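Undergrad: Pasting the sequence and the predicted model now:
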Amino acid sequence: MSKLYFVYIMTNKHNTVLYVGITNSLARRIFEHKARSSPYDSFTKKYNIDKLVYYEAFQDVRCAIAREKQIKSGSRKAKVALVNKINSGWKDLYSEIYF
């Protein structure tokens, strides 16, 4: 069984702040963001980022890291377009992931 790596975008209730991250366990990591249980989440805690609006899966960690860097280096407009492409309603996708 191959391991998957995920690049994801989260936002707050009003969709005003975007956060791009990478993980090898999407469900666990999003749960941590929502529960504000990780000591590394000062940015997401500060801006109440708790809504998963976009994610991609990769089998190669190097591809996932490269994609995360690509998305992070893009403009807000590019990130919004990426989310709109698969989640135009900006609904929380957390309940739809089963990894």
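TA: Everything's here; your move.
Undergrad: Show me how far the helix or strand bottoming out on mean pLDDT in the chain is from its chain's centre.
TA: The helix or strand of the chain with the poorest confidence is helix 42-46; it has a mean of 85 (mean pLDDT, DSSP states H and E). Helix 42-46 sits 14 Å away from the centroid of its parent chain (C-alpha atoms, centre = their mean, to the nearest Å).
Undergrad: now for whichever helix or strand comes after that helix, which elements pack on it?
TA: Later in the chain than helix 42-46, the nearest helix or strand by DSSP states H and E is strand 51-58. On a contact count with 3 or more C-beta pairs under 8 Å, 6 or more residues apart in numbering; DSSP states H and E, strand 51-58 meets strand 5-11, helix 26-35, helix 61-73, helix 76-86. Placement of C-beta: from N, CA and C, glycine included.
Undergrad: Hey, what's the angle from strand 51-58 to strand 5-11? Just curious.
TA: For strand 51-58 against strand 5-11, the angle by axes from the mean of the first three to the mean of the last three C-alpha atoms, to 10 degrees is 160 degrees.
Undergrad: Convert strand 51-58 to PDB, retaining C-alpha atoms only.
TA: Output of strand 51-58 as PDB, limited to C-alpha atoms (Å, rounded to 0.1, in the frame of the first residue of the first chain):
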ATOM      1  CA  LYS A  51     -12.400  25.200   7.100                       C
ATOM      2  CA  LEU A  52     -10.800  22.800   4.500                       C
ATOM      3  CA  VAL A  53     -11.700  24.100   1.000                       C
ATOM      4  CA  TYR A  54      -9.200  22.400  -1.300                       C
ATOM      5  CA  TYR A  55      -6.800  19.500  -1.400                       C
ATOM      6  CA  GLU A  56      -4.800  17.400  -3.800                       C
ATOM      7  CA  ALA A  57      -3.200  13.900  -3.200                       C
ATOM      8  CA  PHE A  58       0.200  12.800  -4.300                       C
END
